[in-house]
Structures are given as C-alpha cells and as structure tokens.
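Colleague: What would the 3D arrangement of this be:
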Amino acid sequence: MRSRRVTEGIDRCPHRSLFFATGITREGLQKPLIGIASAFSDLVPGHIHMRELERFIERGIEAQGGTPFVFGVPAICDGIAMGHEGMRFSLPSRDIIADAVEAVVEAHALDGVVFLTNCDKITPGMLLAAARLDIPAIFVTAGPMLSGRYRGRRLAFVRDTFEAVGRYRKGDIDEEELSALEEEACPGGGSCQGLYTANTMACLVEAMGMSLPECGTALAVSAKKRRIAYESGRRIVDLVRMGWNARKILNAQALRNAIVVDLALGGSTNTVLHLLALAQELGEKSITLWTFDELSHKVPHLVLLEPAGDLFMEDFAFAGGVPALLATLGELVEDAPTVSGKTIREIQNAVRYIDRSVIRPLENPYNREGGIAVLSGSLAPEGAVVKQGAVDASVRVFRGKALCCNSEEEAMELITSGRVAKGSVLVIRYEGPRGGPGMREMLAPTSSIVGMGLAKDVALVTDGRFSGGTRGPCVGHVAPEAAVGGPIALVQDGDEILIDIPHRKLELLLSPEELAKRAQAFTPPPPKYHQGILARFAKLARSASLGASMG
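Modeller: All right, here's what the predicted structure looks like:
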C-alpha cells in the first residue's frame with residue numbers, strides 16, 4: 001500500500017508519532033489509510049449536511065477494515081457568487097480544488113480517496129484530482145434539494161428567484177410575493193432542484209462509473225443517501241485491496257458515456273467545459289468539443305427537467321434515476337466497469353421500474369437530438385455551445401441586430417432599464433476564461449430576459465458561460481474569446497448575427513474583407529488583475545473549446 005512509505009520502517013518513527021498524535025492506534029496504521037475529501041461548508045446549501053455523510057462514510061471504511069481521515073476542500077456556491085465579482089472565482093476554483101486534493105493525498109501517502117462533493121465546480125475539480133492521482137477513488141455526491149412550496153405550487157431556485165426578479169420588475173408579481181419566493185424556494189440542504197450544473201455533474205459521475213448506482217439522484221434528505229455513503233466507505237477499502245485505480249474507469253469510454261447521458265438529460269452546458277477539462281487531464285485526445293455534436297445527432301433528448309421543463313430532480317430520482325436512463329439508452333452507452341463492481345450492462349439489466357412520464361422511451365423523445373448543440377461559423381471559428389433542449393422551437397433560428405456589451409454589468413443595466421429591443425442579439429464579451437477573467441456565468445441576464453417576457457424575442461451570445469438554469473436562445477463559450485482577438489471582439493452595434501441551431505451555425509453577417517479590416521484595428525485590452533488567482537488564470541487558462549482549465 002502507498003501508505004507504507006509513511007508508516008513502516010525505523011526511519012518512519014517520527015511519522016508514526018505524528019499519526020499517534022491524532023489518536024490512531026498501531027493497528028489502525030496497518031490498515032489502508034483512506035482520505036475523505038470533504039467539501040463541507042456552512043456557506044453552501046448543497047454541502048451543509050455533509051458532516052452527517054462524513055460519519056456514514058467513516059463507518060463504512062471502519063467496517064471494511066480501513067482507517068478514515070477527513071480533510072477539507074474549498075467550496076463556492078455559484079448562486080451566491082452569481083452576478084458580481086465573486087463569480088470570477090468560481091471556475092478557477094476547479095483548478096484550486098484539484099491541486100489541493102492532489103497535494104494532501106500525495107503528501108500523506110493515502111491509499112485511496114472518497115470524494116464527498118455536490119456543487120458546481122467542486123465535483124469536476126475532484127474528478128481532475130482523481131484522474132491526476134490515479135489511485136483508488138469513489139465519489140459520493142451529496143444529493144439534490146427538495147422542491148420548495150408556495151400556495152400549492154412547487155418552487156425551483158432559478159425560476160422562482162432569478163427569473164422572479166424579472167417578473168417583479170415587469171410588474172407581474174409584487175414585493176410581498178417576491179419576498180415569499182426567496183424564503184420558500186430553497187427549503188433546506190442539497191444541490192438546487194433542477195438539472196443545473198451540480199445535479200448534471202452528479203448524474204455524469206454515476207454514468208462514468210465513479211459512484212454507486214443511484215448516488216447521482218438520491219435526495220440530500222434521504223436515508224438512501226446515507227446508506228450509499230456507508231456503502232461507498234466500504235467499497236473504497238475493497239478498491240484499494242483490488243488495486244482498482246481511478247483510470248481503470250476514467251477513460252475515453254467513460255467520457256463518451258457521460259456525454260451520451262448528458263445529451264439524453266439535456267444537462268447544463270457547463271458540463272462541456274468540465275468533461276473537456278477532464279479529457280485534457282487524462283490525455284484523451286479523441287474527446288473534443290465536436291464529440292458532443294457528433295453524439296448529439298445520435299442521442300435523443302429523453303428527460304425534461306427544470307429549467308427546460310417543469311419536473312424536478314426528485315421526480316427523476318423516483319422515476320428510477322440514472323440506472324433507469326441507462327437502461328433506456330441501451331446500447332447507445334458502452335459497457336464498462338464501475339466502482340460498484342458491476343458493469344454498465346449489469347446495472348442496466350438490474351433495472352425493474354422506469355416511470356415513462358419522466359424518462360421517455362427512445363421511440364418517443366422530446367427531441368430527436370440531444371440537449372446540447374455545438375455551433376460554429378464566422379462568429380465562433382473554434383465553436384460555441386447552446387442548450388438546445390431549453391430553446392423553444394420557434395427561436396432555434398434567430399436573426400437579429402447586435403447590441404454589444406463589454407461586461408455582464410453593462411448587459412444588466414441595458415436589460416433592467418428596458419433598452420433591449422425585441423429582435424436584438426445581446427452580445428456580452430470580455431467575459432471569457434482570460435478576458436473575464438474566470439468566465440463568469442450569465443444567469444442574471446438570461447433570467448432577467450426570461451422574467452421580463454422576452455425569452456422568444458431576444459437572443460444572447462457570449463464568450464462567458466451560462467448557469468445550468470439558463471433557458472432560451474443563449475449561446476455561450478464563444479471561441480476564440482474577445483480578449484485574444486476572437487471575432488466576437490469585432491462585433492459592432494447593429495451588425496446582423498445569425499443563430500441557426502438546426503444547421504449548427506453562428507454567423508456574423510459581414511464580408512471577410514470587413515472582418516479583416518476590423519481585426520487589423522483590434523488592440524488587446526490590458527489585464528484587469530495583476531496578482532492572485534485571477535491574474536494567474538488570465539495568463540494560463542486554455543480556450544473554452546479545450547475546457548478552460550489552467551492545465
């Protein structure tokens with residue numbers, strides 16, 4: 001075992017002494033030393049209940065003959081960070097988390113790791129760490145939040161807070177209702193209730209085989225989640241003894257299965273960034289941005305959850321969750337090993353119930369194509385991403401005049417002051433990985449547009465990114481980004497832009513000669529930050545088309 005390098009031999013007397021200071025016994029030092037990388041935080045609703053899950057994981061490790069050690073990992077709540085400078089730190093935190101886990105695990109020579117995670121950048125950061133360390137690993141995602149309730153209807157975080165702000169400004173609801181919604185939309189612990197980034201990633205971790213069956217959807221408040229935590233603790237000890245390192249599971253095959261499930265779910269566009277970053281970490285060159293679009297033509301959209309639909313993660317959980325979706329997809333997903341010891345085919349064959357009102361059969365999908373589409377053209381030569389499953393059919397082709405903003409704040413000022421005319425394509429630039437820096441999510445602008453009743457009248461294009469809660473004709477991840485001279489930097493007010501999702505086109509309708517003339521006159525903007533993580537991210541971040549990690 002790896003831990004023998006810090007526990008055995010005369011020269012390790014000082015090391016054992018320090019371990020004994022923690023209360024461990026000599027017998028405990030002879031067992032597999034298992035880290036529990038816990039993202040517990042009082043700040044993040046999706047993580048507030050992790051202390052209890054830590055205990056269940058510890059029990060499982062002890063029961064199977066291992067010795068557990070909990071250590072902390074930073075966590076940011078994207079909802080709280082949204083719409084201000086804080087959101088610049090969210091995507092860089094993915095790299096911080098990967099580095100932090102790598103440092104702790106390697107410095108202490110742990111034999112295996114249980115990753116206790118839930119929210120947006122924590123899960124992908126831990127996936128990067130698992131791939132980099134390549135030791136036995138298993139994930140416990142802490143589960144979705146229950147829906148809220150107000151006057152007999154179910155509430156979801158994005159629709160009933162961010163979009164409610166737009167409805168309030170439009171005059172559709174009063175201040176009393178807005179106040180009630182903000183108190184009732186999030187009734188307790190767990191990741192936000194819709195198919196936003198946190199829940200999408202939890203499902204994809206399970207689809208890749210890195211968590212036990214049903215872990216991705218088991219509710220935060222459920223006893224099932226605690227049992228899964230306990231069984232995950234037991235299982236990690238078995239994985240150590242079997243020598244099942246993470247890359248036995250994390251490979252191109254697992255990434256393709258994750259993409260297939262993502263497309264069938266109609267998940268968050270953020271997953272494109274995270275899976276591409278993971279492919280980069282693994283060195284899997286066969287997985288690119290265009291893999292998503294290639295598979296999108298083959299994989300139908302089978303599940304319609306918030307924000308695209310009216311169903312919640314709790315509905316998906318009770319409908320059979322990821323195993324039921326895998327069974328429905330059949331041979332569209334490849335057979336592969338999982339941390340449970342069962343193969344994907346065995347998990348599929350074990351499914352006995354599927355609620356077809358939630359998970360549609362292949363022959364009756366919501367859409368013949370997957371929930372995500374990759375666009376390209378003169379405005380995005382390296383590609384751009386849209387959550388087509390959340391775009392109304394009437395606006396999947398949108399042609400309008402550009403209204404340019406050089407920051408999210410500029411865009412919000414235009415939207416809330418009523419200066420965005422119908423037929424506009426709102427262009428938000430200098431929000432990419434380097435230009436932001438940090439590639440902020442644009443949930444506030446997109447939700448305001450929806451809340452003000454403009455979802456079918458205004459499109460949005462950005463080199464930034466979107467929350468999983470975004471819906472409507474909103475195109476993100478435009479690459480190359482404005483800060484490096486991408487065409488999005490050259491757009492002027494009044495230019496015509498074509499968004500053609502069926503034909504995968506994103507075009508700035510100018511002549512090549514005019515584009516070349518504007519490109520010659522382009523001057524890169526000065527850096528916004530000169531020290532700290534944002535300055536490093538601005539220098540090192542890859543293009544969004546490669547996952548936007550620092551490498």
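Colleague: Please spell out which residues along the helix or strand that contains residue 412 are buried.
Modeller: Assessed by DSSP states H and E, residue 412 sits inside helix 408-416. For helix 408-416, a neighbour-count test (16 or more other Cβ atoms under 10 Å) marks 408, 410, 411, 412, 414, 415, 416 as buried. For the C-beta atoms, the positions are set from N, CA and C on the backbone; glycine is no exception.
Colleague: For residue 534, state which of the residues you listed is nearest.
Modeller: Distance to residue 534 across the buried residues of helix 408-416 (Cβ to Cβ) is lowest for residue 408, with 15.2 Å.
Colleague: Next one: the closest one from residue 438, what distance?
Modeller: Look at residue 408 and residue 438: by Cβ to Cβ, to the nearest Å, they are 11 Å apart.
Colleague: Output the contacting helices and strands for the helix or strand encompassing residue 261.
Modeller: Element membership of residue 261, judged by DSSP H and E, is helix 252-265. On a contact count with 3 or more Cβ pairs under 8 Å, 6 or more residues apart in numbering; DSSP states H and E, helix 252-265 meets helix 197-208, helix 270-282, helix 289-296, helix 321-329.
Colleague: looking at the ones you listed, which is closest to residue 512?
Modeller: Counting by Cβ to Cβ, residue 512 lies closest to helix 289-296 out of the helices and strands packed on helix 252-265; the figure is 23.4 Å.
Colleague: Counting by contacts, list what the closest one packs against.
Modeller: Looks like helix 289-296 contacts helix 252-265, helix 270-282, strand 373-377, strand 380-386 (3+ Cβ pairs under 8 Å, 6+ apart).
Colleague: Quick one: the ones you listed as JSON lines, columns for mean neighbour count, mean pLDDT and distance to residue 109 too.
Modeller: Formatted as JSON lines, the helices and strands packed on helix 289-296 follow (neighbours: other Cβ atoms under 10 Å; pLDDT from 0 to 100; distance: least, Cβ to Cβ, whole Å):
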{"stretch": "helix 252-265", "mean neighbour count": "25", "mean pLDDT": "98", "distance to residue 109": "27"}
{"stretch": "helix 270-282", "mean neighbour count": "25", "mean pLDDT": "97", "distance to residue 109": "22"}
{"stretch": "strand 373-377", "mean neighbour count": "22", "mean pLDDT": "97", "distance to residue 109": "42"}
{"stretch": "strand 380-386", "mean neighbour count": "24", "mean pLDDT": "97", "distance to residue 109": "40"}
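Colleague: okay, the most centrally placed residue in the chain: pLDDT?
Modeller: The centre of the chain sits closest to residue 197, judged by Cα atoms, centre = their mean, with a distance of 3.6 Å. Note for residue 197: predicted pLDDT of 94.
Colleague: what's near enough to touch it?
Modeller: Neighbouring residues of residue 197 by Cβ atoms under 8 Å, 6 or more residues apart in numbering: 78, 119, 120, 268, 270, 271, 467, 468.
Colleague: who touches the first one in this structure?
Modeller: Translated: residue 78. By Cβ under 8 Å, 6+ apart, the contact set of residue 78 is 87, 90, 119, 120, 121, 197, 441, 467.
Colleague: separation between residue 279 and residue 373?
Modeller: For residue 279, the distance to residue 373 equals 19 Å [Cβ to Cβ].
Colleague: a markdown table for the contacts of residue 197, including secondary structure and distance to residue 346?
Modeller: Below are the contacts of residue 197 laid out as a markdown table (DSSP: H, G, I helix; E, B strand; the rest coil; distance: Cβ to Cβ, whole Å):
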| residue | secondary structure | distance to residue 346 |
| --- | --- | --- |
| 78 | helix | 35 |
| 119 | coil | 30 |
| 120 | coil | 31 |
| 268 | coil | 28 |
| 270 | helix | 30 |
| 271 | helix | 25 |
| 467 | coil | 35 |
| 468 | coil | 30 |
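Colleague: ok, residue 343 - how many residues close by?
Modeller: By the measure other Cβ atoms under 10 Å, the count of residues near residue 343 is 14.
Colleague: Kindly report the same for residue 246.
Modeller: For residue 246, the tally of surrounding residues (other Cβ under 10 Å) stands at 25.
Colleague: Not counting the helix or strand hosting residue 537 itself, show me its contacts.
Modeller: Residue 537 belongs to helix 532-540 when elements are defined using DSSP H and E. Here helix 532-540 makes contact (Cβ under 8 Å, 6+ apart) with 88-89, 91-92, 95-96, 433-438, 527-529, 550-551.
Colleague: Of the contacts of residue 197, which is the nearest to residue 501?
Modeller: The closest of those, once distances to residue 501 are taken by Cβ to Cβ, is residue 268, at 17.1 Å.
Colleague: So for stretch 172-181, mean pLDDT?
Modeller: Mean per-residue pLDDT for stretch 172-181: 95.
Colleague: Can you list the buried residues in that stretch?
Modeller: Neighbour-count burial for stretch 172-181 flags 173, 177, 178, 180, 181 (criterion: 16+ other Cβ under 10 Å).
Colleague: Residue 418: neighbour count?
Modeller: Around residue 418 there are 10 other residues, counting by other Cβ under 10 Å.
Colleague: Could you give the number of residues near residue 109?
Modeller: Applying other Cβ under 10 Å, I find that residue 109 has 16 neighbouring residues.
Colleague: Also residue 294?
Modeller: A count of nearby residues for residue 294, using other Cβ under 10 Å, gives 13.
Colleague: what pLDDT does it get?
Modeller: Looking at residue 294, its pLDDT is 96.
Colleague: What of residue 283?
Modeller: With respect to pLDDT, residue 283 has a value of 97.
Colleague: Likewise for the one 4 residues further on?
Modeller: For residue 287, the model assigns a pLDDT of 98.
Colleague: What pairs with the lengthiest strand in the chain, parallel or antiparallel?
Modeller: Counting residues, the longest strand found in the chain (DSSP state E) is strand 397-405. Strands that pair with strand 397-405, judged by DSSP bridges, come out as strand 424-428 (parallel), strand 496-500 (antiparallel).
Colleague: Determine the angle, from 0 to 180 degrees, between it and helix 408-416.
Modeller: Computed by axes from the mean of the first three to the mean of the last three Cα atoms, to 10 degrees, the angle separating strand 397-405 from helix 408-416 equals 120 degrees.
Colleague: how about strand 397-405: buried residues?
Modeller: Neighbour counts over strand 397-405 (16+ other Cβ under 10 Å) mark 398, 400, 402, 403, 404, 405 as buried.
Colleague: Likewise for stretch 444-462?
Modeller: By neighbour count on 16+ other Cβ under 10 Å, the buried set for stretch 444-462 is 444-452, 454-462.
Colleague: Using CSV, list the CA coordinates for the helix or strand bottoming out on mean pLDDT in the chain.
Modeller: Lowest by mean pLDDT, DSSP states H and E among the helices and strands of the chain is helix 443-451, with a mean of 86. Extracted in CSV, the C-alpha atoms of helix 443-451 (Å, rounded to 0.1, in the frame of the first residue of the first chain):
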residue,chain,number,x,y,z
LEU,A,443,-27.6,33.7,-15.2
ALA,A,444,-28.7,37.1,-14.1
PRO,A,445,-29.0,38.5,-17.6
THR,A,446,-30.6,35.4,-19.1
SER,A,447,-33.1,35.1,-16.2
SER,A,448,-34.0,38.8,-16.4
ILE,A,449,-34.7,38.4,-20.1
VAL,A,450,-37.0,35.4,-19.4
GLY,A,451,-38.6,37.1,-16.4
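Colleague: In terms of secondary structure, what does it contact?
Modeller: Counting contacts by 3+ Cβ pairs under 8 Å, 6+ apart, helix 443-451 packs against helix 163-170, helix 408-416, strand 424-428, strand 459-462.
Colleague: immediately after the shortest one, which helix or strand?
Modeller: Next helix or strand after strand 459-462 toward the C-terminus (DSSP H and E): strand 474-479.
Colleague: what angle sits between that following strand and strand 380-386?
Modeller: Orientation of strand 474-479 against strand 380-386 (the same axes, to 10 degrees) gives an angle of 150 degrees.
Colleague: Residues contacting strand 474-479, please?
Modeller: Strand 474-479 is contacted by residues 269, 272-273, 375, 379-387, 391, 429, 432, 442, 446, 459-466, 486, 488, 499, 506, 543-545 when judged by Cβ under 8 Å, 6+ apart.
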